[in-house]
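K.L.:
Curious how this folds, go ahead:
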Amino acid sequence: MAEPITLLINRTDITPYAQVALHSRDEAMLQPHILAAQNVDVKPALGEVLYTDMVANSLQEKYRLLLDGGSYTNDNSEVITFQGLKAALACFTYARYMLSKNAVDTPFGMVSKTNEYSVQTDTKLLLSIASDKRSEGSAYLNECLNYIRLKENLFPLFVRGGSAIKSIHKLNSASRI
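P.N.:
I've put the predicted structure just below:
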């Protein structure tokens, strides 16, 4: 039997980083994008084992700080602040959501919602907004990875080098969602 799906963020976590329209179905519409952001954007960067442990133990103090962000002292006794994985997930989720929110799946196929008082947003503009949000999410994710690398004693499940660096490179060079 499959494990229940744990979403690390919700609509409320996204609103400080992006404008999400008030609509009764938004939460349900966001969930697939949140899950994709977790599994495609964040999980490869953290590594399967660390990611799985974080999801299972997200209430532990070390994971609360990683998820919510905060501050820590680096090796030079400087205080460093970072936004946390929720910020990265919010940006990655919003980038995915932006590219799909104008299309609605109906029994008659995919349709674009319009009315007499609105104009469809240009696809190039949507791609630009999504790309900007992905870049912002990558920056927040990099802050988190820097924290993990500095506090490797707290995160022994993180594999230094390997897939995490390759994943970040892919995130930063991705042109599509």
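K.L.:
confidence score at the spatially most central residue of the chain?
P.N.:
Ranked by distance to the mean C-alpha position of the chain (C-alpha atoms, centre = their mean), the top residue is Leu89 at 1.7 Å. Here, the pLDDT recorded for Leu89 equals 98.
K.L.:
Could you look up the SS state of it?
P.N.:
When classified by DSSP: H, G, I helix; E, B strand; the rest coil, Leu89 comes out as helix.
K.L.:
Could you pull out the strands in this protein for me?
P.N.:
In the chain, the strands defined using DSSP state E lie at 70-73, 79-82, 103-106, 109-112.
K.L.:
for the chain, which helix is longest?
P.N.:
Using DSSP state H to define each element, the chain has its longest helix at helix 123-150.
K.L.:
Which strands or helices does that helix pack on?
P.N.:
With contacts taken as 3 or more C-beta pairs under 8 Å, 6 or more residues apart in numbering; DSSP states H and E, helix 123-150 sits against helix 43-46, helix 61-68, strand 79-82, helix 85-98, helix 162-173. No exception for glycine: its C-beta is placed from N, CA and C like everyone else's.
K.L.:
Serialize the ones you listed to TSV and add fields for distance to Asn10.
P.N.:
As requested, the helices and strands packed on helix 123-150 are arranged in TSV below (distance: least, C-beta to C-beta, whole Å):
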stretch	distance to Asn10
helix 43-46	18
helix 61-68	13
strand 79-82	21
helix 85-98	10
helix 162-173	22
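K.L.:
Compare those and give me the one nearest Gly137.
P.N.:
The closest approach between Gly137 and any of the helices and strands packed on helix 123-150, judged by C-beta to C-beta, belongs to helix 85-98 at 3.2 Å.
K.L.:
Output the contacting helices and strands for that closest one.
P.N.:
Counting contacts by 3+ C-beta pairs under 8 Å, 6+ apart, helix 85-98 packs against helix 11-14, helix 26-36, helix 61-68, helix 123-150.
K.L.:
Next, the angle from that helix to helix 26-36.
P.N.:
Helix 85-98 runs at 110 degrees relative to helix 26-36, counting by axes from the mean of the first three to the mean of the last three C-alpha atoms, to 10 degrees.
K.L.:
Thanks a lot, see you next time.
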